[in-house]
Structures are given as C-alpha cells and as structure tokens.
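kindly return the folded structure for what I paste below:
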Amino acid sequence: MKNTLIALLLLLAPLACHGQVNVNIYPERPKLVLLIMVDNLNTQQIEIVRNQCGPKGFNRIFANGARLTDAFYDAGGNFVGKNLATLFTGAPAATHGIVGSQWIDSFTGRKIDAIYGEVPGSGRFDTLAMPHNGALLCGTVANEIRKVYNDKAKVFSVGFDPQMLIWASGTKAGEPFLWLDRRNGKVRAANVSDSATLGWVDDFNDKKIPDVYKAKTWAPRKDITDYHQTRFFPDERQSPFFYPLGGVNSKGERYAAVCGSPYGNDLIRDLAASALVFEAMGKDDIPDIMTVQFNATPASGVKRQPLDPETEDLLLGLDDNIASLLQVVDQTVGIDNTLVIFTAARGAFDVAATDSPQWSERGRVSLQKASALLNLYLMALYGQARWVKNYAPGCIYLDREIAEKKGVNYDTLMARSCQFLTQVKGIGDAFPAQHLRDIVSASPVVEAMRNNYHPKRSGDILVHLEPGWAEELDNGQCLTQLWSGEFVPLVFYGWRIPRTVVYEPHNMADVAPTLCSFIGVARPDACSGQPIRLRVGE
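Down below sits the predicted model:
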C-alpha cells in the first residue's frame, strides 16, 4: 500500500506542476486602467451591433468581462460634463456642482461656464481659451492617485472634446489631456509641460493624417441591405450613403465631417496607441490611467433610431478600433496587467436631428418660452418687473431681491410659479428647489432631482418633463429627458475581473469607488457611490 501511494503521488506531481504553470498570476493591482468612453451610445445599440462583430473588439470585452445590464446616470440636466464629473468623482451633481454647461452664481449673479469660468458680456469665449475644471467642487480619482504616487503615476486622456476629457483630470494640478481640434485638424494639449510628450504630439501633427482623411469619402462598409434600419425599417432607408469629408460645417469647423466619420475614431485610436507607447504607460507597478473618448455620433446623414446606417457603420468601425487598441495593450502591457472599463458618456440622443416616427418625441418644451410666459404671469399678479432672472436646462431662476423690494412673500411667489408651470403642456412637475430636500417621496424622479440640485448653482425652480417629451435648447438641440435614469453600457474586463453578468442596478457614481478599491487608493473626498461587488480572481 505504501509503495502504491508513493507511486501515485509521483504520477500526480508532474500534473500538478503542469497545472501551476498554466495558472495566471495577476498583479495585486492593475498596472494600467484603460477607460474606453463612447459618446452617445446606449445599451440597445451596442447589443444590436455586437451580433455583427468579430471576437476581438466589443465581443472580447463583453463576452469575457463583468457586464452590468442596468448602469445609469441620474436623469436631469443635459450637459455631458455632469455625467462625467459623477463618473470620476463618485458623487452626484448635488455634491460635485456641475449642474449644467452654465449656471448663475448665487452670490455674484454672474453666469458661469462649467469649463471656461465666468461668461463674458459678449457670451463668447476666446477660441484659444484653455478649458479647466476649476468649477468642480470635489476631488477625482486622479487626485487620490496623486496623493499616493505623486507624479510617478500617469493620468492621461485623449479624444475629440475637452468638455468630455477634462473631468478625468485632477482638480488641483490638472492631468494632461489631448484632443483633436475640429477647426484646424491639429491635436491640442492641455496640462502638458513635458517636452517629450510635446515632441511625439508634434510628430503626430506633422504627419497631417486628418488632411489625408479629409480627401476621402465615407461609404458603407457592407451592403446597405444588411444594415439594421434597412432590414427592420425598409420604408425609412433603402439607398447607400456617400459623404465627401472635405466640407466645412456651419461653425466653420473644417474637420467636423472627419471627426463624425469612422476615420475620426481611427485618428483617436492612433493617438491613444501613441500615448500608450510614448508615455510608457503600464510599464511599472504604479497604476496609470488612460481615458480614451470615441465618437458614436455621425456628422452626416439623417438620424434614425434605434440605429441608422451611419451610426451602425461608425460602431462597426469602432469595433475594429477597439480590437487594435487592445492588441497594442496585449503587446505593451498585457491584458492580465490591465483593467479595461468600457462605458458611454451619455445614452440620450438629439431628437431634433432624428427623423423616425417610432422614436419622435411627444412634444417639445422650451424653457426660454416657458420663462417668458411665467414672467408675464407674475407681472399680472405683482406688477411690472423682471421676475424671472434667467433659466438653464431643467431649471428657472427667480429674482429674490425684487420680491423683497416689492414686499412679495417669496414662498408664495415660488408656489404660484410652480403651479403655473405645471399647466404648461409637457411639463410634468415643477418643484421649489429650496423645499426639495423636505419632500417625502419614494419617486425615483424626486431622488434624481435631489441628486442634481446644488443650492449655490441650481435654479430656484426645478422642472421635470412628462415621459416622452423633450427639452428644446437654445443651440437648436432637442434632448429627451429620461424619467429617472440615463442607462449606458458598463463592462469591466481584464486583470482579475470574472466573466459574469450583474443584473442589479448601479448608479455610475459607483464606478469611481470600485476603481479606487482595485488600484488601492482612497475614494475621492466627496464620493458617495459604493464599490460594485465583483468576485475578482486570484
């Protein structure tokens, strides 16, 4: 018996050793965090496209990572910076203060822009003004990394739009970010002082790749009859598209058509790959973060929902971009050393640019017009004055000083204003902002409004539209206002992430504390999100 046992152990020993060789030994924390952020992408669109994609892009992430089916940003407010500030701080707008693209400062009465500061009298900023996130009232994940690793950790962002990239930067000493200027086709840099970084960026610009793309025509990558819209909504589209990319849009942007085509995402992929290599990201045991912004909004064509051929073509090209970017990660850092986070900056779409009967809004509400009507109503009640001081998406500002001078009870003024606004077609409800915290309600709408209200920046009256209605903005956009949450795709992949599906709803404020727990730093100072429970591997 003893001899038999010894023989069995000797037989199993090589097998045990062989098993140990094949076990992945992951680092204690990821060396690189690659956050892939797509603008204007909802879960429905990505699920439609995935069926047509190969195994190396979207499907590599979705099939092998931890996929959250119900990740959402709080509804309310149409500024993408509000969502992204929440993503990187782990806090709602009620805490981080980015309640919109612009707001009225309650102390000075001046209009403030979220990324450029005080709005000049002309309402226009210097075209070369450098964006910054000084209006952000709390720290980000980048700040927490700096507290531990100082400048040894690299935090870098690349994409199309500074108003989307800036929130990944720390609030004290901003982290570098690069974006493609739609006017001149050059890559611009913010918070970059290292000559080595500027050197490879200059080399990238010297190649003038946008000019090469500008001479091209964007055409379908497959037969038009194979696109989702043609298959399921044949009455809406039957002909292919051909868009020359050399035109200039109404804003004088010579490269806008390139940015809104698959070639634009090609450029960002190349820029991100260059940054990974030349900035030597993920090359040591100190965690680095790279945020890459891709585009899912075509600059040409008639938009249709849920998926027009142009958007579908963009996403199919993006699948190739992600596949090649992951290949660069494989070769330079290794996917076992890299935590990939795939998500979207927003899931809402501009219904003013959407021509589809199934997806058209029930109606549109202009707060500019509603504010004018409210002012006429208040003048009829209390006399000639500018009772409505200003408005912003989702809110209206009243003039408290005028009420005090005329002896009008402010609470009564607010109550009558809210009552009047609820009579406007399309407005579901209007709340006195100062009483919002005292409202006892389990409604997700009320909770979303609480999360978006900041007492020093938000309006005196918060407005919520009825389901299916859209808010008409001053810039011509007409954005749907979702009822309680703006749902977006969210997947964690790589490093020690298990292959699983999480069906429980998660606010996007939960991403920051989850990331902090993975890389071993404290949560941002105002973080209220909770880490997502994922059983990471050994």
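
pull out the buried residues from the host helix or strand of W200.
Using DSSP states H and E, W200 falls within helix 195-206. Across helix 195-206, burial judged by 16 or more other CB atoms under 10 Å covers T197, V201, F204, N205. From N, CA and C alone the C-beta is placed, and that goes for glycine too.

what of stretch 104-119?
For stretch 104-119, burial by neighbour count (16+ other CB under 10 Å) applies to I104, K111, I112, D113, A114, I115, Y116.

what about the closest residue to the second one other than its chain neighbours, distance to F125?
The reference is to K111. Nearest non-adjacent residue to K111, counting by CB to CB, 6 or more residues apart in numbering: V119, 4.2 Å away. As judged by CB to CB, to the nearest Å, V119 and F125 stand 8 Å apart.

list residues touching both of these two?
Common contacts of V119 and F125, defined by CB atoms under 8 Å, 6 or more residues apart in numbering, comprise D113.

related to what we said a few turns ago, in contact with the residue nearest to K111, which residues?
Shown in contact with V119 (CB under 8 Å, 6+ apart): Q102, R110, K111, I112, D113, F125.

K425: which of these is nearest?
Q102 (26.2 Å; CB to CB).

and the closest one, bridged to which residues?
D113 (DSSP bridges).

any low-confidence regions in the stretch 351-500 of the chain?
Across the stretch 351-500 of the chain, the ranges flagged by pLDDT under 70 are 351-362, 442, 481-483.

and what of the stretch 1-150 of the chain?
Ranges of the stretch 1-150 of the chain meeting pLDDT under 70: 1-25, 122-123, 126-128.

at 90 instead, please
1-28, 39-40, 42-44, 74-80, 100-111, 115-134 (pLDDT under 90).

which residue ranges of it form strands?
Using DSSP state E, counting those that start in this stretch, the strands of the stretch 1-150 of the chain run over 32-39, 66-74, 102-104, 111-113, 117-118.

let's have these in a markdown table, adding distance to R457.
As requested, the strands of the stretch 1-150 of the chain are arranged in a markdown table below (distance: least, CB to CB, whole Å):
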| stretch | distance to R457 |
| --- | --- |
| strand 32-39 | 24 |
| strand 66-74 | 16 |
| strand 102-104 | 4 |
| strand 111-113 | 8 |
| strand 117-118 | 13 |
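
how many other residues sit next to the residue lying closest to L534 once chain neighbours are set aside?
Leaving aside its sequence neighbours, L534 sits nearest to A66 (CB to CB, 6+ apart; 5.2 Å). Around A66 sit 18 other residues, with neighbours defined as other CB atoms under 10 Å.

out of the strands of the stretch 1-150 of the chain, the one nearest Y377 is which?
Using CB to CB, the nearest of the strands of the stretch 1-150 of the chain to Y377 is strand 102-104, at 20.9 Å.

which residues does the closest one contact?
110-114, 119, 389-390, 392, 397, 457-459.

find the pair from those residues with maximum spatial separation.
Using CB to CB, the two most remote members of the contacts of strand 102-104 are A114 and K389, lying 19.3 Å apart.

ok, now which ones touch the nearest residue to P287 once chain neighbours are set aside?
Leaving out its chain neighbours, the residue that sits closest to P287 by CB to CB, 6+ apart is I519, at 4.2 Å. By CB under 8 Å, 6+ apart, the contact list for I519 reads R29, P30, V33, I145, P287, L339.

pLDDT value on the closest residue to P244 other than its chain neighbours, please?
Counting by CB to CB, 6+ apart, the nearest residue to P244 once its immediate chain neighbours are dropped is T217, at 5.1 Å. For T217, the pLDDT comes out at 96.

next, count neighbours for T217.
T217 has 11 nearby residues by other CB under 10 Å.

D288 now?
26.

kindly report the same for D474.
So D474, with other CB under 10 Å, has 11 neighbours.

how much space separates it from T108?
In this view, D474 and T108 are 22 Å apart by CB to CB.

partners of the nearest residue to D411 once chain neighbours are set aside in the sheet?
In this structure, D411 finds its nearest non-sequential neighbour in P432, 7.6 Å apart by CB to CB, 6+ apart. Beta-bridge partners of P432, counted by DSSP bridges, are I461.

and P432, how far from W167?
Going from P432 to W167 by CB to CB gives 30 Å.

okay, the two: which has more neighbours?
Higher neighbour count among P432 and W167: W167, with 30 against 19, using other CB under 10 Å.

the more buried one contacts F88, doesn't it?
Yes. The pair W167 / F88 is scored as a contact, 4.9 Å apart, by CB atoms under 8 Å.

give me the common contacts of the two.
In terms of CB under 8 Å, 6+ apart, W167 and F88 are both contacted by the residues T140.

now E404: closest residue in space that isn't a chain neighbour?
Residue nearest to E404 in three dimensions, not counting chain neighbours: Y410, with 7.5 Å by CB to CB, 6+ apart.

ditto for V424
A370 (5.3 Å).

surely V201 meets V187?
Yes. With contact defined as CB under 8 Å, V201 counts as touching V187 (5.6 Å).

now the helices for the stretch 351-500 of the chain?
Here the stretch 351-500 of the chain has its helices, by DSSP state H, counting those that start in this stretch, at 367-382, 400-405, 410-421, 444-452.

for the spatially most central residue of the chain, give me its contacts.
Closest to where the C-alpha atoms of the chain average out (CA atoms, centre = their mean) is A345, at 1.7 Å. Shown in contact with A345 (CB under 8 Å, 6+ apart): M37, V38, D39, N40, V80, N83, L84, M164, Q293, V488.

buried ones among the residues you listed?
Buried members of these, counted by 16+ other CB under 10 Å: M37, V38, D39, N40, V80, N83, L84, M164, Q293, V488.

got CSV for those, with distance to G428 too?
Output for these, formatted as CSV (distance: CB to CB, whole Å):
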residue, distance to G428
M37, 31
V38, 30
D39, 27
N40, 24
V80, 23
N83, 22
L84, 26
M164, 29
Q293, 33
V488, 23
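
tell me the one of these nearest P309?
N40 (16.0 Å).

does the closest one really touch L318, like I thought?
No. The criterion here is CB under 8 Å, and N40 misses it with L318 at 12.0 Å.

overlap of the contact sets of those two?
Common neighbours of N40 and L318 (criterion: CB under 8 Å, 6+ apart): A296.

where exactly do the strands run in the stretch 301-450 of the chain?
338-344, 363-365, 388-392, 395-398, 427-432.

would you format those strands as a markdown table with distance to A129 included?
Shown next, in a markdown table, are the strands of the stretch 301-450 of the chain (distance: least, CB to CB, whole Å):
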| stretch | distance to A129 |
| --- | --- |
| strand 338-344 | 27 |
| strand 363-365 | 32 |
| strand 388-392 | 21 |
| strand 395-398 | 25 |
| strand 427-432 | 35 |
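
quick one, which of those strands gets closest to S324.
strand 338-344 (14.0 Å).

partner strands of the closest one, parallel or antiparallel?
The strands that strand 338-344 pairs with in its sheet are strand 32-39 (parallel), strand 485-494 (antiparallel) (by DSSP bridges).

and the ones you listed as a markdown table, adding distance to Q419?
Output for the strands paired with strand 338-344, formatted as a markdown table (distance: least, CB to CB, whole Å):
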| stretch | distance to Q419 |
| --- | --- |
| strand 32-39 | 38 |
| strand 485-494 | 28 |
